[in-house]
Every structure is written in C-alpha cells, then in structure tokens.
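> Fold the following.
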Amino acid sequence: MLELVKSIRSIHILFFRKLMFDLDTILSLLNTSFLNQPLSIWLGFFTLISIVMAFDLGFLSRSDKAMSPKVSLCYSAFYIFLAILFGVWLTDHMGTEHSIDYFTAYVIELSLSLDNLFVMSVLLAYFKIPKKYQHRVLFWGIIGVLLMRGLMIGSGIAIIQSFDWILYVFAAFLIFTGGKMLLHSNKEEEEGSIKDSVLIRFFQNNLRCTKTFDGHKFFVWIPQKQDGPSLLHVTPLFLALLCIEFMDVVFALDSIPAVFAISHEPFVVYSSNIFAIIGLRSMYFAVVALLDRFKYMNFALSLVLIFIGGKVFYSGYFGEINHFVSLAITISLLVGGALFSVFKTRKEQGV
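Alright, predicted model coming up:
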C-alpha cells in the first residue's frame, strides 16, 4: 500500500512539473516578438476581430433582409466606437505618437472607403442583386478584403524593410493619384468604366453563370440534360463577389501606400486598416443612401493624398511633421470637404 501511495505521489509530481514546464513554454512563446509586438498582442487582436466578425455573421447576417439606413448608421457608430476604444488602448500600450498615427491612418482609410462603397453599389446594381441578398455578398467580400489586405501589408512591410527608398515611390504615387483625382473626379465616368469592364466580361465569358438567382446561393448544380450529369454554375451573387475582390486590389494601391506614408509600424498599419474595413458592410446601406450628398468628397480626398505624399518628402529633407499637426490637417481637409459637399449639393437641389 505504501509503495502504491509513493507511486501515485511520484506521478503527481511528474505531472505538475510537466504542466509547469508546458506553461512556461507557452508563456515564453506568447512573449516572443513578432513584427515588433509580442505574439500575445497579435493573437489578442485577431481574437477580437474574429469575435466581431462572428457577431456580424451570426447576428447581423442571420436573415435575408435589407438593412435600413437608420440601422446601418447605428451599427456603423458601434464599429467606429470600437475603433476609437482600440486607439485609446493603443495609447497606453505603444504611446501617444503611435496612437495618433493609428487614428490618422484609420480616418484616411475610412474616407477612402467611400469610393470603395460607391464602386460596390455600382457592381451590385449592374448584376441586379436584390437588396435582401446584398449584405451576404458584402460580408464575404469584406472577409476576402481582410485576407488580401493582410497579404499586401505584409508584403509592403517586407519591401520597406529591404528598400527604405520605396517610401518615396509610394509618396510620389500618392501625389500623382491625388492630382489625377483632383482633375478628373467624375462619378459618371467611373460608373461607365465599371459597366464596360474587361474584368466583368472575362468572368462572364469564362465561367458557367446562371442568369437567375437561387436564394442567396453562390453556386448551384444544374443538369445539362434530362437524367444527365449536373455541372457546377456560379450565380450573379458570386460574380459580384469576385468583382468586389478584384476592385479592392485596385483601391488598395491608394490606401496601403497612404498608411505606410503615415507609419512604418506593422501593428499600427494593419490594425488601422482592419478596423476601417470591418465596418464597411454595415456602413454601406447608410452611405449609399447619402452618396449624392457627398459627391464632392473626392476633392478633399485628393488633397489628403497629396498632403500625405508631400509629408514623406518634407520629412525626408526638412524634418518630421508633428503627429498632432498631421492628424489635424487630415481631419480638417476631410471635414471641410464634407461640409462643402453638403452645402453645394443642398444648393444644387434647392433645399
């Protein structure tokens, strides 16, 4: 009996030693630095985003029902509030300067997303997607956007770390893009270019596509002949989703260089992009209803891009611009553009 007790005690001691060893290993792993931050911070961030997206998928997208602009505004306010809370936490974790960079990048990315939402609305209208199914296309579209942005930001960080001069290329591209937007800011031309898109014609000509909808399905099996084999077809929902994903790659060519021109810190760059993107689906239904009132915002956005690009050259030759000043100028340009747009459209509509 005594021998049995000793054996059990030895087993317990070995078990707890192994448990403590495993805990120490796990804690050591969590404290390992990954892209300038402990791995635990990245895991915590992705856990938060996963919870938010699960809430969106399980609650907001649980039924095929169009979201009203009022409800859309409420959910948009929730996502903005969540982004602000994260920025406040970032102040305590990384310091004021990184937090200001986060807010600047977030505001710019959110503002540039207005154009993204306009293109989404044109695509959904082109494929005649019913309003009650639009939220499904937008949700999975934004999931794809999150994954692609992650890959593009990771690639951008690797390029900048190897070739720091590439920032001046990004800056020059931002100035060029801003100037082009300033001179050719025409929504009707953008709408026409989407309808005549080579990309859309390519998908329509090379994929087996249905002309009708089958509920909210992206894929359907259709028999070719009576009692014959069925072939997989894509519905207009999937075509719209594909086009949204490819169009986002084009938009990322503006937004990602803009964020890198603000901060080189991977966690700031990625988190600001992600928080701006996750609220796009709920924001869509409110923004689309108000697009006509903000049709002059492109002028303000073009000035922001020119300012951000110019800031890189100024910092390289004369010295860093104060982070508060940069944020203040960015917000002033965007708020000024919004107020001008509302005033101008009200005058045009005789309101």
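
> low-confidence ranges in the protein?
1-31, 33, 57-66, 184-196, 225-228, 289-292, 347-351 (pLDDT under 70).

> Helices of that one, residue ranges please.
Assigned by DSSP state H, the helices in the chain fall at 2-30, 39-55, 69-94, 96-126, 131-162, 166-183, 187-195, 198-206, 236-262, 266-278, 280-290, 297-317, 323-348.

> Put together CSV for these, with distance to residue 218 and mean neighbour count on each row.
Glycine gets a C-beta too; all of them are placed from N, C-alpha and C. Below are the helices of the chain laid out as CSV (distance: least, Cβ to Cβ, whole Å; neighbours: other Cβ atoms under 10 Å):
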stretch, distance to residue 218, mean neighbour count
helix 2-30, 38, 10
helix 39-55, 18, 14
helix 69-94, 23, 16
helix 96-126, 14, 21
helix 131-162, 8, 17
helix 166-183, 33, 17
helix 187-195, 21, 13
helix 198-206, 13, 12
helix 236-262, 4, 21
helix 266-278, 21, 23
helix 280-290, 16, 21
helix 297-317, 32, 20
helix 323-348, 36, 15
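
> CSV for those helices, including distance to residue 212?
Listed next are the helices of the chain as CSV, based on distance: least, Cβ to Cβ, whole Å:
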stretch, distance to residue 212
helix 2-30, 51
helix 39-55, 30
helix 69-94, 28
helix 96-126, 16
helix 131-162, 12
helix 166-183, 38
helix 187-195, 21
helix 198-206, 15
helix 236-262, 8
helix 266-278, 31
helix 280-290, 24
helix 297-317, 36
helix 323-348, 37
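
> so which of these comes closest to residue 214?
Counting by Cβ to Cβ, residue 214 lies closest to helix 236-262 out of the helices of the chain; the figure is 9.0 Å.

> Geometric centre of this protein: which residue is closest?
The centroid of the chain falls nearest to residue 277 when counting by Cα atoms, centre = their mean (2.7 Å).

> how far away is that residue from residue 149?
Going from residue 277 to residue 149 by Cβ to Cβ, to the nearest Å gives 7 Å.

> can you check residue 321 too?
In terms of Cβ to Cβ, residue 321 sits 26 Å off from residue 149.

> Also residue 201?
Using Cβ to Cβ, one gets 27 Å for the distance from residue 201 to residue 149.

> what does residue 182 give?
Here the criterion is Cβ to Cβ. By it, residue 182 lies 26 Å from residue 149.

> And for residue 224?
Distance, residue 224 to residue 149, by Cβ to Cβ: 39 Å.

> just residue 210 next, same as before
Residue 210 is 30 Å from residue 149, by Cβ to Cβ.

> swap in residue 87?
Distance, residue 87 to residue 149, using Cβ to Cβ: 18 Å.

> Please apply the same query to residue 295.
Distance from residue 295 to residue 149, counting by Cβ to Cβ: 26 Å.

> gap between the closest residue to residue 181 other than its chain neighbours and residue 293?
Counting by Cβ to Cβ, 6 or more residues apart in numbering, residue 302 is the residue found nearest to residue 181 once chain neighbours are left out, at 3.7 Å. Residue 302 is 19 Å from residue 293, where distance means Cβ to Cβ.

> do residue 320 as well
Distance, residue 320 to residue 293, using Cβ to Cβ: 37 Å.

> Who has more neighbours out of those two?
Taking neighbours as other Cβ atoms under 10 Å, residue 320 and residue 293 compare with residue 293 leading, 17 against 11.
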